[in-house]
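**Q** Dropping a prediction and its sequence here:
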Amino acid sequence: MMQQNTPPSDNALVVEDLVVDFALDNAFFKRRMMRAVNHVSFTIPAGQALAVVGESGSGKSTCARALTRLVNPNHGTMELDGLDISQSNESLTRVQLAKQLQMIFQDPFGSLNPVHTIARHIERPIRIHRPELSNEQVQDLVIETLETVGLTPAQQTAEKFPHELSGGQRQRVAIARALATGAKYILADEPISMLDVSIRLGILNLMADMKARGLGFLYITHDIATARYFAERTAVMYVGHMVEWGDSDSVTQTPKHPYTQLLIQSVPEVGRKSRQGPKKSPSGQIPIWTPESVGCPFVARCPKASDLCKQSMPEVTQVATDHFIRCHHAD
């Protein structure tokens, strides 16, 4: 379980001991299960961001989908500003949850309806979540929201269709749609990975402006460099487990877990090959974790692995003021 240095409060998104399992087959009597998220906990205060970093299949997006209840968690609690949003809370409808918690997806074109105008994309969530507004107020809010995300001139943009915009502009529309609900927390699932490198910084700066206005972010990414740039805290996931987490500068500048060190080494750097030789790839296969699995999930690929690593899950070790790790051989 991920330890907290920020106590749960009425102004935070809090996840405790989250577990998500998926069936591996359709056997009638006995189903094999894969554990996609294994006892994960974190807190995101309002106005701050937590970056979740890891390879594909590490459970990053599953955490976000569990929060929005697109998938049902098997165990754990989730609270948004003190309100229970766990699956067990049947009094909270999906519409009520969507008003507070929104997702930004990786593909901005795939997440927009190609037959609707940009105005329609922004107008619809406003009408659903703010039915008390008049037609004129809705139209004014559409223009205001587009201006907020930097889509100007807003009136001309509102009349266009998604295919008439660039990738960066379409992602700004997706962000505007999330803002239109009045959401307090944004789950950003690889929001810049499909964009040109030249416009990624603009999207990150836009999200930073939103964060400065009090929105909280769960920022899912493969790029640990942007995690340090955007998020106050970073958590590294591997096969559904939090293996290292804490202050972003500490995690990225002084990584302690062998997997985090591997991620840092994978960041391209001019001249690395000539100075240090080619990067070494880890041996071993990425495991399929199940409820019955034991030991450290990284043991098959870890250069420090021992018999102890195969037998038991490492306990949480605090290596700095806000820096935690799960490793039997932490420095």
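**A** That came in fine, so what should we check first?

**Q** Every contact and neighbour count from this point should use C-alpha atoms.
**A** Will do.

**Q** Show me the residue at the heart of the chain, geometrically.
**A** The C-alpha lying nearest the average C-alpha coordinate of the chain belongs to Ile220 (CA atoms, centre = their mean; 3.1 Å).

**Q** who's in contact with Arg31?
**A** By CA atoms under 8 Å, 6 or more residues apart in numbering, the contact list for Arg31 reads 23-25.

**Q** now, which of the residues you listed sits nearest Arg120?
**A** For these, the minimum distance to Arg120 (CA to CA) is 38.0 Å, reached by Ala23.

**Q** Now the residue lying closest to that closest one once chain neighbours are set aside: phi and psi?
**A** Leaving out its chain neighbours, the residue that sits closest to Ala23 by CA to CA, 6 or more residues apart in numbering is Met33, at 4.5 Å. Note on Met33: its backbone torsions stand at phi -120, psi 140 [degrees, to the nearest 10].

**Q** residues in contact with Met33?
**A** Contacts of Met33 (CA under 8 Å, 6+ apart): 21-25, 290-291.

**Q** Of those, which is the most crowded?
**A** Asp21 (21 neighbours; other CA atoms under 10 Å).

**Q** Doesn't that residue lie inside a helix?
**A** No: under DSSP: H, G, I helix; E, B strand; the rest coil, Asp21 falls outside any helix and is assigned strand.

**Q** hang on, it packs against Arg35?
**A** Yes: with contacts counted by CA atoms under 8 Å, Asp21 reaches Arg35, the gap being 4.4 Å.

**Q** Dump the contacts of Arg31 to CSV, plus pLDDT and distance to Gln137.
**A** Formatted as CSV, those follow (pLDDT from 0 to 100; distance: CA to CA, whole Å):
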residue, pLDDT, distance to Gln137
Ala23, 87, 47
Leu24, 80, 50
Asp25, 71, 51
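
**Q** Out of the residues you listed, which comes closest to Thr77?
**A** Among those, and counting by CA to CA, the member closest to Thr77 is Ala23, at 21.4 Å.
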